[in-house]
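1. A predicted structure for the sequence below; I have some questions about it.
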Amino acid sequence: MTNQLPDIQSGVDKRGIGLDQVGVSDLRYPIIVLDKTNGVQHTVARLSMSVSLPHNYKGTHMSRFIEVLNQHRNEFTVRTLPAILNEMKFRLKAESARIEMSFPYFIEKKAPVTEHKAMMDYQCFFLGESSTEFDDFVLGVDVPVASLCPCSKEISDYGAHNQRGVVSVRVRMTKKDGFNSFIWVEELIEIAESSASSPLYSLLKRPDERFVTMQAYDRPAFVEDITREVAVRLKNDQRIDWFEVRVTNFESIHNHNAFASTQWKRENHLVKN
């Protein structure tokens, strides 16, 4: 029956304009990602999937994106994205394909003193892109942290103002023998948290709260400090070819936020904008 129905998308378009991206966006879908502690983790991603469209094609077949996604939903990592992108190009007869996804990632975290356990969530990000000219993969995570203002601590008779912030890290991995290096999400989280005045926790009892408060007081840091600390550690990791770091503080005594950001790429490494 399907073969008897007209295929309008495969018709010819005479306007002579090719499209860079055509696809589906804001799609929620259950996926499985690698978990350093438990092997795998089930989560729900928000996805955007697209391909290029030649100037002579009227449209693309949107249902095929979901078909490809369903075939590969059992794992989304740097290891599997090339196969997914290649399948998208093949199924949709396209020269390039792109996937963007964000999803919550959960880690069981111990309170620093009582060691009570609770789940902590982090927002993660994947970008995969493939064409005849390049292949690209970006891994990212947004890490909530606490920071205490060094200036406030220095000029105050007692106390100092502090605030929550977010450390956003995006990295591209080096390639060796045609394969990307591998970095765990947990590794990026650890770098971000250890560069701030204090990590955040889901569960804190009074001894934990006391510890976290004093830890932040002993480790004051501006957004500039946190950004530079994260950048130094990423730069020294030979598995990383490019990174972008952006730190935002949700200011507690101002009616605005403060931020700092930086990008870096290893010498002779070409990065697609």
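-> Looks like it came in fine.
2. pLDDT at residue 89, what is it?
-> In this model, residue 89 is scored at 92, pLDDT.
3. Bridge partners for the nearest residue to it once chain neighbours are set aside, pull those for me.
-> Using CB to CB, 6 or more residues apart in numbering and skipping the chain neighbours, the partner closest in space to residue 89 is residue 97 (4.8 Å). For the C-beta atoms, the positions are set from N, CA and C on the backbone; glycine is no exception. Taking DSSP bridges as the rule, residue 97 bridges to residue 51, residue 130.
4. Let me know the distance separating residue 97 from residue 137.
-> As judged by CB to CB, to the nearest Å, residue 97 and residue 137 stand 13 Å apart.
5. Can you check the pLDDT for the residue nearest to residue 89?
-> 95.
6. okay but residue 262 is in contact with residue 231, surely?
-> Yes: the pair residue 262 / residue 231 is scored as a contact, 5.4 Å apart, by CB atoms under 8 Å.
7. how about the strands in this structure?
-> 19-35, 39-53, 97-110, 117-130, 135-148, 162-173, 175-176, 179-180, 198-199, 240-249, 258-265 (DSSP state E).
8. which of the ones you listed has the lowest average pLDDT?
-> For the strands of the chain, where the average pLDDT is lowest is strand 179-180, sitting at a mean of 71.
9. about what we covered before: would you agree the residue nearest to residue 89 is in contact with residue 83?
-> No: if you go by CB under 8 Å, residue 97 and residue 83 don't touch, sitting 11.3 Å apart.
10. So for those two, which residue has more residues nearby?
-> residue 97 (27 against 13; other CB atoms under 10 Å).
11. Next, the contact list for that one, please.
-> Taking CB atoms under 8 Å, 6 or more residues apart in numbering, we find residue 97 in contact with 49-52, 85-86, 88-89, 129-131.
12. list the residues that contact both of residue 97 and residue 137?
-> Residues within reach of residue 97 and of residue 137 at once, by CB under 8 Å, 6+ apart, are residue 129.
13. Name all residues that make contact with the nearest residue to residue 21 once chain neighbours are set aside.
-> Excluding the flanking residues, the one nearest residue 21 by CB to CB, 6+ apart is residue 50, at 4.0 Å. Residues in contact with residue 50 (CB under 8 Å, 6+ apart) are 21-25, 97-98.
14. Format these as TSV; extra columns: distance to residue 75.
-> Output for those, formatted as TSV (distance: CB to CB, whole Å):
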residue	distance to residue 75
21	24
22	26
23	21
24	20
25	22
97	18
98	19
